[in-house]
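In: Model the following, please.
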Amino acid sequence: MSEVKGRGAAWTEEPGLGDEGRRRSEGGMGRRAGPLSRANQQALLEVEGLTVRLRVEGEQRAVLRDVSLAVRPGEALGLVGESGSGKSMTARAIDRLLPRGAAVSGQIRFDGAEVMTLAGAGLRGYRNQVAMIFQDPRAHVNPVRRIGDFMTEALRTNLDVPAGEAYRRAADMLGQVGIDDGERRLRQYPHELSGGMLQRVMIAAALLTEPKLLLADEPTTALDVTTQAEVMAILDDLRREFGLAMLFITHDLELAAAICDRTAVMYAGQIVEVRESALLHDDPLHPYTAALAAARPDIAQTAHRLAAIPGRPLSAFEAPEDECAFAPRCPHAQEVCREETPELIGLDGGRSRCARAVDLRGRLRHELAEGGLSDD
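Out: Alright, predicted model coming up:
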């Protein structure tokens, strides 16, 4: 039996949304189609000055520092950075899934409502509208409950959908993500499904509550390369078809550029650059982004050694709070970079957290074109 049905365009197509007014014929879910241009739209999700402190080695330390970002309706925003930079913590903070004892400051607004004050039914309703897809599906499903119980729980408990209708919608959605024989799959347990199929189940479960925003936390990390491509094609195709916004977390700069309208770059718990994805690689605004781009392998060129960023990446809780966290590794660092933490400023249609952003404007692009970054 074939596991995957043919499913729309792959994630290399141009950004765009589904046909306006299109509707699901059987599941009853309306598809939200957005306008072609979102530049002047009110943000669906707004995060301003988000700082999260957790107890690390006996003391409260910042794991996110002054994180600010926005996602417009129908837009895909990529969030990239090294391990420990705070990407997953940002998504968990947005979905109110932080561990106990977390000290949070700043603002998170969704559709104009203040998220940090939500509780009870309000918080459950918010999570119906902001669905999260985790990077390891087996760690986020109950191994002793059937797939049908997992997929329909939110429909039955939060939206009061009758059990029969909830299971019908779940089976239909499994078909939408490329899983045949949905009714039989709903009766199975997680261990009976492959990793790729289980991640499709996670995507289907996230879409069942008709969310407006998807938080996709490295949804293909635990999958092989072929399955990764299949899952990403399904996720991106359905997101466009339903007109959903998405915050897409990944280590893969190329993947973010392929499916995201804009990309935000994180380092040591901070957003250091936000830029249109098409410009991020060729015309970066921050030395860290330029260093990441220079370190990418290129199959069209022969290199004896890949460019590497000197030093080691800092975890967010290790970063100094009174200077640029990237300064010790940055070839362009000067004394001004060590005097205070730079602000995130607007520049050339993007944003950069660099004290020398204006001075380096255009220079980083030329250095990349010449094959690497030069010291000041």
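In: starting at the chain centroid, how far to stretch 150-170?
Out: Between the mean C-alpha location of stretch 150-170 and the chain-wide mean there is a distance of 26 Å, by C-alpha atoms, centre = their mean, to the nearest Å.
In: Output it as PDB, restricted to C-alpha atoms.
Out: C-alpha atoms of stretch 150-170 as PDB (Å, rounded to 0.1, in the frame of the first residue of the first chain):
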ATOM      1  CA  PHE A 150      -4.600  12.000  20.100                       C
ATOM      2  CA  MET A 151      -6.000  13.700  16.900                       C
ATOM      3  CA  THR A 152      -9.500  14.300  18.100                       C
ATOM      4  CA  GLU A 153      -8.900  15.300  21.700                       C
ATOM      5  CA  ALA A 154      -8.900  19.100  21.000                       C
ATOM      6  CA  LEU A 155     -11.900  18.900  18.800                       C
ATOM      7  CA  ARG A 156     -13.900  17.000  21.400                       C
ATOM      8  CA  THR A 157     -12.800  18.800  24.600                       C
ATOM      9  CA  ASN A 158     -12.200  22.300  23.400                       C
ATOM     10  CA  LEU A 159     -14.600  22.800  20.500                       C
ATOM     11  CA  ASP A 160     -17.400  20.400  21.600                       C
ATOM     12  CA  VAL A 161     -17.300  18.500  18.300                       C
ATOM     13  CA  PRO A 162     -19.200  15.200  18.600                       C
ATOM     14  CA  ALA A 163     -16.900  12.100  18.600                       C
ATOM     15  CA  GLY A 164     -18.200  10.700  15.300                       C
ATOM     16  CA  GLU A 165     -17.700  14.000  13.500                       C
ATOM     17  CA  ALA A 166     -14.300  14.500  15.100                       C
ATOM     18  CA  TYR A 167     -13.100  11.100  13.900                       C
ATOM     19  CA  ARG A 168     -14.500  11.800  10.400                       C
ATOM     20  CA  ARG A 169     -12.600  15.100  10.200                       C
ATOM     21  CA  ALA A 170      -9.500  13.400  11.500                       C
END
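In: For the closest residue in space to S352 that isn't next to it in sequence, give me its contacts.
Out: Computed as C-beta to C-beta, 6 or more residues apart in numbering, the closest residue to S352 that is not its neighbour in sequence is L285, at 3.8 Å. Using the backbone N, CA and C atoms, a C-beta is placed for each residue, glycine as well. By C-beta atoms under 8 Å, 6 or more residues apart in numbering, the contact set of L285 is E273, R275, L347, D348, G350, R351, S352, C354, A357, L360, R361, L364.
In: So how do I select the buried members of these in ChimeraX?
Out: Entered in ChimeraX, the line below selects the buried ones among the contacts of L285, by 16 or more other C-beta atoms under 10 Å:
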select :273,275,347,350,351,352,354,357,360,364
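In: Just the ones in strands from the contacts of L285, please.
Out: With DSSP state E as the criterion, strands contain E273, R275, L347, G350, R351, S352 from among the contacts of L285.
In: re earlier: can I take it that the residue nearest to S352 is in a strand?
Out: No: under the criterion used here (DSSP: H, G, I helix; E, B strand; the rest coil), L285 is coil, not part of a strand.
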